[in-house]
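[1] sequence and predicted structure below; questions after.
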Amino acid sequence: MKGSDVANKRMMLQAILNSWVKCPELRLGQLIVNAIRASEATNTPLFYIEDQDLESMIIDFVNKNSS
């Protein structure tokens, strides 16, 4: 794995952690599934969603639903 790949994965995981902290009542699986269901942009099964797309879905979901 290239260094840039590792850096991108770290940034994505940090974005997910930042989002998860805003919704502490949710378990990680709930956060991911709820974000995908709330997204109008995809009919793609979770297994095939690109990392960047998943990150965007989670951030959008939290921005719309956190207090």
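    Cool, the structure landed. Every value quoted in this text rests on a predicted model; they were computed, and no experiment measured them.
[2] going forward, measure contacts between C-alpha atoms and count neighbours the same way
    Will do.
[3] so where do the helices sit in this structure?
    3-22, 28-38, 51-65 (DSSP state H).
[4] format those as CSV; extra columns: mean pLDDT, mean neighbour count and distance to T44.
    Converted to CSV, the helices of the chain look like this (pLDDT from 0 to 100; neighbours: other Cα atoms under 10 Å; distance: least, Cα to Cα, whole Å):
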stretch, mean pLDDT, mean neighbour count, distance to T44
helix 3-22, 89, 14, 19
helix 28-38, 92, 16, 9
helix 51-65, 91, 17, 11
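[5] let's have those in CSV, adding distance to P45.
    Formatted as CSV, these follow (distance: least, Cα to Cα, whole Å):
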stretch, distance to P45
helix 3-22, 19
helix 28-38, 9
helix 51-65, 11
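[6] ok, K64 to N18 distance?
    Counting by Cα to Cα, to the nearest Å, the gap from K64 to N18 is 14 Å.
[7] and for L31?
    Taken as Cα to Cα, the span from L31 to N18 is 12 Å.
[8] now for the closest residue to I58 other than its chain neighbours: which residues touch it?
    Distance criterion Cα to Cα, 6 or more residues apart in numbering; nearest residue to I58, sequence neighbours excluded, is A35 at 5.0 Å. Contacts for A35 (Cα atoms under 8 Å, 6 or more residues apart in numbering) come out as M57, I58, D60, F61, V62.
[9] switch to 6 Å and redo it
    A35 is in contact with M57, I58, F61, counting by Cα atoms under 6 Å, 6 or more residues apart in numbering.
[10] look up how far A7 lies from the last one.
    Yep, that's F61 we're talking about. 24 Å.
[11] now do N65
    Using Cα to Cα, N65 is found at 28 Å from A7.
[12] D51 now?
    Distance of D51 to A7, computed by Cα to Cα: 13 Å.
[13] and what of Q30?
    From Q30 to A7 the distance is 26 Å (Cα to Cα).
[14] and what of V21?
    The spacing between V21 and A7, counted by Cα to Cα, is 21 Å.
[15] how about A35?
    Applying Cα to Cα to A35 and A7 gives a distance of 23 Å.
[16] same thing with M57?
    20 Å.
[17] appreciated, that's everything.
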